[in-house]
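Student: Predicted model, plus sequence, below.
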Amino acid sequence: MSAKKQLLAQYDLHNLLYNNVFLDINEEEANTRLLPSINNIKWLAGHLLWVQTNLARLCGLQIEIIWIDHYNNQISQRPGPEINVPSLEEIKSTWNQHAATIRRGLENLSDEELNSPVEFPIPAFRTKEGLWAFINHHQAYTIGQIGILRRGFGKEAMKYS
């Protein structure tokens, strides 16, 4: 299997897991921090969506989400009250609205485009293909954080099917 097909398979898995990890999570739980220094589920959901917009840009797509910049830094590091954010359902819906378009954009990247250089602080990931691989890792890591928070709320473990 080519690297691109593996990256697409991971992308598809992340779409499945993104939806599965939020099953039975209500809005109150999504807004609750289990500890003051830990991001809440809703922020992590929005951050994953923000990362999706980076994948979109990687393949030349522009996705406009007016509230997306709330999710590009750790909310736990921001002083002051919680920011006003959309509901968890709205965040999930926005992810699902754009997922297929982003996938098509990624699928249409040529080998030449995938090998083109990008600025990134980690040398091993300084091509579009490498950055995509890093983003896939980041998404898996963040979905895993939400999976742990699920358990902290007494929910069943996330399902892979």
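Tutor: Right, received. Where do you want to start? All of these numbers come straight from a predicted model, not from anything done at the bench.
Student: any idea how far residue 94 is from residue 152?
Tutor: Residue 94 sits at a distance of 25 Å from residue 152 (criterion: Cβ to Cβ, to the nearest Å). All C-beta spots, glycine's among them, are computed from the backbone N, C-alpha and C.
Student: Who has more neighbours out of the two?
Tutor: Here residue 94 and residue 152 are compared on neighbour count by other Cβ atoms under 10 Å; more neighbours surround residue 94, at 20 against 14.
Student: what's near enough to touch that one?
Tutor: Residues near residue 94 by Cβ atoms under 8 Å, 6 or more residues apart in numbering: 49, 65, 86.
Student: Show me what the mean pLDDT comes to for the helix or strand that contains residue 11.
Tutor: Assigned by DSSP states H and E, residue 11 belongs to helix 3-21. When pLDDT is averaged along helix 3-21, the result is 97.
Student: Next secondary structure after it?
Tutor: Per DSSP H and E, the helix or strand that comes after helix 3-21 is helix 27-31.
Student: Distance check, residue 1 against residue 100.
Tutor: From residue 1 across to residue 100, the span is 21 Å (Cβ to Cβ).
Student: For stretch 11-19, what is the distance to the chain centroid?
Tutor: 9 Å (Cα atoms, centre = their mean, to the nearest Å).
Student: Give me the buried positions along it.
Tutor: The neighbour-count check on stretch 11-19 (16 or more other Cβ atoms under 10 Å) flags 11, 14, 15, 17, 18 as buried.
Student: Please report the distance of the third one from residue 99.
Tutor: Put plainly, it is residue 15. According to Cβ to Cβ, residue 15 stands 5 Å off from residue 99.
Student: Good, we can wrap up now.
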